[in-house]
Structures are given as C-alpha cells and as structure tokens.
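A.B. asks: build me a model:
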Amino acid sequence: MIEADESADERIDLEKAAHRFAGAFLVPKKMVIQELGKKRHSINLYELHLLKHKYELSMQGWIYRAKDLNIISDKLAAELFK
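C.D. replies: All right, here's what the predicted structure looks like:
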C-alpha cells in the first residue's frame, strides 16, 4: 500500500523493482544467457518478438533484462526502445 507521504520517485523505484523482479522470475539469468549469449552488440526486433512469445515476457522486458545483466549496453537498449 502506498503511504500518503510517499514521493512519486519512491513509487517509481518500487514499480521498477517490481518489474525487474517479474522479469527475473519469468526469465532467470541462465535462460537469458542461453538465449542471447553473454555479450551482444546488436539484437533485432524479430528476435525479441520470438523471445516474447516463447517466454511470455515483453520485448521491453527482454531489453531491460539484457541491459540489467550487462549483455547489451545502455546505448543499445536506448536505441531499441526508440
């Protein structure tokens, strides 16, 4: 439950944490590395689309997981989000 004095930033951080937990639960690190490898310099949208349907994690979720696990750079993640 969100307290009345809780700031918007605190709510956003909690929301981000919840999304990260859900992503890690749906696709553990071992599975992400199995699918993407330990380091990538590119990922195409079709590959993300296939992974989305295989694991029931959104394309954005895959990008966040890959970024959080340092498989892709922040720059590549930003490009994919565009």
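
A.B. asks: Y64 and A17 touch, don't they?
C.D. replies: No: taking contacts as C-beta atoms under 8 Å, Y64 lies outside contact range of A17: 11.9 Å. C-beta: built from backbone N, CA, C; applies to glycine.

A.B. asks: so for the two, which sits in the more crowded spot?
C.D. replies: Neighbour tally, Y64 and A17, criterion other C-beta atoms under 10 Å: the higher count belongs to Y64, 18 against 10.

A.B. asks: any idea how far D9 is from the more buried one?
C.D. replies: Y64 sits 19 Å away from D9, taking C-beta to C-beta, to the nearest Å as the criterion.

A.B. asks: mind listing the helices for the protein?
C.D. replies: Secondary structure of the chain (DSSP state H): helices at 8-26, 29-36, 45-55, 59-68, 74-81.

A.B. asks: quick check: closest non-adjacent residue to K29.
C.D. replies: When the adjacent residues along the chain are set aside, K29 lies closest to L69, with 5.9 Å between them (C-beta to C-beta, 6 or more residues apart in numbering).
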